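J.: Next input, structure requested:
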Amino acid sequence: MGLFELLLVLHILALIAIIGPAFVMPIIRRSARTVGQLHFAFDLTSKLAIMPKIGGAVLILTGVWLMIITKMGLSQMWLNVSILLFLLMVVMIDGWIEPRMKKIISDSQDQSNEIPAEFGLMIKKIIPIEKAAQMLMIAILVLMVIKPF
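T.: Residues are numbered from 1 along each chain as shown. A predicted model of the protein is given here:
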């Protein structure tokens, strides 16, 4: 196995490390019915969040290395769009979703009761952004596999 193949395998594994938790974490958070369950779900997803962070770093490093090896640079439109979508996805997750989830968790104290209505509304406002981030992941994956333009 040459360097290119090794980097490609690492690149794909890094993508899996990002996509898997990113699709599962919202489902885990949405399954909480009490404040205690919400705290547990948030703690669990916080621990799972390390995988996308490591995967993202590996993805960027292997991607840049692959661009250097193939002498592709940023000459391909599908690659530029993929990078732009990836940056947008990171901003959505790290800049919008996570701070709001942390606020919901820090504001909720009583762990035995049902989730208060105002927190439920805040969580419901996050769901469309989570789905948009998931759609961006799918779009990036499609662009990387198909390379349409």
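
J.: separation between the spatially most central residue of the chain and residue 97?
T.: Centroid-nearest residue in the chain, with Cα atoms, centre = their mean: residue 22, separated by 4.3 Å. Distance of residue 22 to residue 97, given as Cβ to Cβ, to the nearest Å: 10 Å. Where you see a C-beta, it was placed from the backbone N, CA and C, and this is true even at glycine.

J.: Please apply the same query to residue 90.
T.: Distance, residue 90 to residue 97, using Cβ to Cβ: 11 Å.

J.: Which one's more surrounded, those two?
T.: Between residue 90 and residue 97, counting by other Cβ atoms under 10 Å, residue 97 is the more crowded of the two (19 against 15).

J.: so the more buried one sits right up against residue 129, yeah?
T.: Yes. Contact criterion Cβ atoms under 8 Å: residue 97 and residue 129 qualify, at 5.6 Å.

J.: Neighbours of residue 82, how many?
T.: The local packing of residue 82 (other Cβ under 10 Å) involves 20 other residues.

J.: Common neighbours of residue 22 and residue 97, please.
T.: residue 133 (Cβ atoms under 8 Å, 6 or more residues apart in numbering).

J.: Sketch out the low-pLDDT regions of this structure for me.
T.: For the chain, the stretches with pLDDT under 70 are 109-112.

J.: Cool, thanks, talk later.
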